[in-house]
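[1] Got a predicted structure plus its sequence, pasted below:
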Amino acid sequence: MTSKDFVRQSDGLGSAAAKSRSFWRLIRTDPPLLVGLLLLCAFGLFILFSASGGDEAVVQRQGLTMIVGIVMMLIVAQFNIHFFRSWAPSMYAAGIALLGVVLLIGVEAKGAKSWLDLPGLPSFQPSELMKFVVPMLVAWYLASRPLPPRFKHLFWSAVMILVPTALIILQNDAGTAIMVAMSGMFVVLLAGIRWRIVIGGALALLMVSPAWYLFLAQEHQRNRILTFFNPYRDPTGAGYNIIQSQIAIGSGGIYGKGYTLGAQSHLDFIPESNTDFILAVLAEEFGLLGILFLISLYLFVLVRGGYIAYRATDMFSRLLAGSITLTFFLYVFVNMAMVSGLLPVIGVPLPLMSRGGTSIVTLFIGFGLLMSIQTGGRVNVL
């Protein structure tokens, strides 16, 4: 090969790489984050097929939901993040209004009145949308004020978080209420709140928790806490799910029993095997190695989200990206701890693995915001 041929070949490779970069810039997408999410979606559908007993309709419906979520993510990524910053108060007000409508005419499912079924529209959960609207508003409020935030700024941030949280609690959906509250709290923590305030707040919650348990907690909430400490107090009732989940996880061992060969899920010992407890199916069929593979996929997405937050060029973007990433981590941690018996069962799905609708689309909207922060979007503030 002559030197001219080498230079010509190098120019060709450089041109191909430049075209690839220009393509990703054109669609305003972050390639590493997109690849990580697509791998999670593919693995999620693979496990869901087994967890649903080979029901192709369930897998197809989940795949369609994921496609809708990906399209929404790409649409959101086209907007400059400051477009959302300017609309944050309006989106928050609309979300609060929808939560109020749910309390009036919402549809109840699995004990929670959190769904809206409006004519001409698919049913959806407005509370899911608040998982990115609340941190967006808190980031909007704190980013334009001195940091670390002063007491009055912390007070108003708390009000912004507590109002939707209280409305969701009234819907009898404690799991979603906790996730919404934490998504807002992550923004406050990332804003540089002093540790003595964090420790004081944690101690205050610890002190009032006995009073909440005795006087405010509903019967099913008390049962969940008692079952957490001793699931065998009611092995055929409240403790049934967690006992069967732990049996499935333990029986999987290191290598698992094999794909579609899990006895606990396929013999219907795990009632929520394709939703909240899908991790137990994965553990039984693929063992510890399967769990480690899933954790590695989650870590890849989390590290990329943290990198985007670190590289953000303004405080609003940094606070919002950090909150979205930490909320995604909290989803993963809470579900895995819940299924293995390390936390009470609160109905938090495993991201992009559990069967779902609004929750999946909401996750992708959050990732669309991350991509908007990373790429800059193309649509500016109107």
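    That came through fine. Residues are numbered from 1 along each chain as shown.

[2] shaky segments in the stretch 101-250 of the chain?
    110-111, 120-121, 216 (pLDDT under 70).

[3] ok, which stretches of it are strands?
    With strands called from DSSP state E, counting those that start in this stretch, the stretch 101-250 of the chain shows them at 107-109, 112-115.

[4] and the last one, how far out from the chain's middle?
    The one in question is strand 112-115. 18 Å (C-alpha atoms, centre = their mean, to the nearest Å).

[5] Same check on the first one?
    Taking C-alpha atoms, centre = their mean, one finds strand 107-109 lying 22 Å from the centre of the chain it belongs to.

[6] neighbouring strands for that strand, and are they parallel or not?
    Looking at strand 107-109 with DSSP bridges, its partner strands are strand 112-115 (antiparallel).

[7] Now residue 273: closest residue in space that isn't a chain neighbour?
    residue 265 (4.1 Å; C-beta to C-beta, 6 or more residues apart in numbering). (Glycine included, C-beta is placed from N, CA and C.)

[8] ditto for residue 338
    Counting by C-beta to C-beta, 6+ apart, the residue nearest residue 338 is residue 345, at 5.4 Å.

[9] and the helix or strand residue 288 falls within, what does it pack onto?
    Assigning secondary structure by DSSP states H and E places residue 288 in helix 278-311. Applying 3 or more C-beta pairs under 8 Å, 6 or more residues apart in numbering; DSSP states H and E, we find helix 278-311 packed against helix 31-51, helix 240-252, helix 263-266, helix 315-339, helix 358-375.

[10] quick one: the shortest one to chain centroid distance?
    By that I understand helix 263-266. The answer for helix 263-266 is 27 Å, by C-alpha atoms, centre = their mean.

[11] Pull that helix out as PDB, backbone CA atoms only.
    The C-alpha coordinates for helix 263-266 follow below in PDB (Å, rounded to 0.1, in the frame of the first residue of the first chain):
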ATOM      1  CA  ALA A 263     -41.300 -23.300  38.600                       C
ATOM      2  CA  GLN A 264     -42.400 -20.500  40.900                       C
ATOM      3  CA  SER A 265     -43.600 -18.200  38.000                       C
ATOM      4  CA  HIS A 266     -44.900 -20.900  35.600                       C
END
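
[12] List the buried residues for that helix?
    Neighbour counts over helix 263-266 (16 or more other C-beta atoms under 10 Å) mark 264-266 as buried.

[13] Export these to a markdown table and append columns for pLDDT and distance to residue 325.
    Formatted as a markdown table, these follow (pLDDT from 0 to 100; distance: C-beta to C-beta, whole Å):
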| residue | pLDDT | distance to residue 325 |
| --- | --- | --- |
| 264 | 83 | 33 |
| 265 | 80 | 31 |
| 266 | 80 | 35 |
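
[14] Residue 348 belongs to a helix?
    No. Counting by DSSP: H, G, I helix; E, B strand; the rest coil, residue 348 is not part of a helix but coil.

[15] Can you give me the neighbour number for it?
    25 (other C-beta atoms under 10 Å).

[16] need the contact list for it.
    Contact analysis of residue 348 by C-beta atoms under 8 Å, 6 or more residues apart in numbering lists 175, 178-179, 276, 331, 334-335, 338.

[17] do that again at 10 Å, thanks
    The neighbourhood of residue 348, defined by C-beta atoms under 10 Å, 6 or more residues apart in numbering, consists of 174-176, 178-179, 276, 330-339, 354, 359.

[18] rewinding a little: how about a markdown table for the strands of the stretch 101-250 of the chain, with distance to residue 138 and mean neighbour count added?
    As requested, the strands of the stretch 101-250 of the chain are exported to a markdown table (distance: least, C-beta to C-beta, whole Å; neighbours: other C-beta atoms under 10 Å):
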| stretch | distance to residue 138 | mean neighbour count |
| --- | --- | --- |
| strand 107-109 | 29 | 12 |
| strand 112-115 | 22 | 20 |
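
[19] Take these and lay them out in TSV including distance to residue 316.
    Converted to TSV, the strands of the stretch 101-250 of the chain look like this (distance: least, C-beta to C-beta, whole Å):
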stretch	distance to residue 316
strand 107-109	35
strand 112-115	29
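
[20] Of all these, which one is nearest residue 65?
    Among these, the nearest to residue 65 by C-beta to C-beta is strand 112-115 (15.3 Å).

[21] How about residues contacting the closest one?
    With C-beta under 10 Å, 6+ apart as the criterion, strand 112-115 contacts 99, 102-109, 123-128, 168, 170-177, 347, 357-358.

[22] Could you do stretch 47-55 as well?
    By C-beta under 10 Å, 6+ apart, stretch 47-55 touches 44, 56, 58-59, 61-63, 258-262, 265-266, 268, 270, 272-275, 277-282, 284-286, 290, 294, 350, 353-355.

[23] now with 6 Å?
    58-59, 62, 260, 265, 273-274, 278, 281-282 (C-beta atoms under 6 Å, 6 or more residues apart in numbering).

[24] Buried residues of it, list them for me.
    47-52.

[25] hmm, which two among those are most spread apart?
    Longest distance between any two of the buried residues of stretch 47-55 is 9.5 Å, between 47 and 52; criterion C-beta to C-beta.

[26] what about the stretch 251-382 of the chain, any weak spots by pLDDT?
    In the stretch 251-382 of the chain (pLDDT under 70), the answer is 377-382.

[27] any idea how far the residue most central in space within the chain is from residue 80?
    By C-alpha atoms, centre = their mean, the mean C-alpha position of the chain lies nearest to residue 328, the distance being 4.2 Å. Residue 328 sits 22 Å away from residue 80, taking C-beta to C-beta, to the nearest Å as the criterion.
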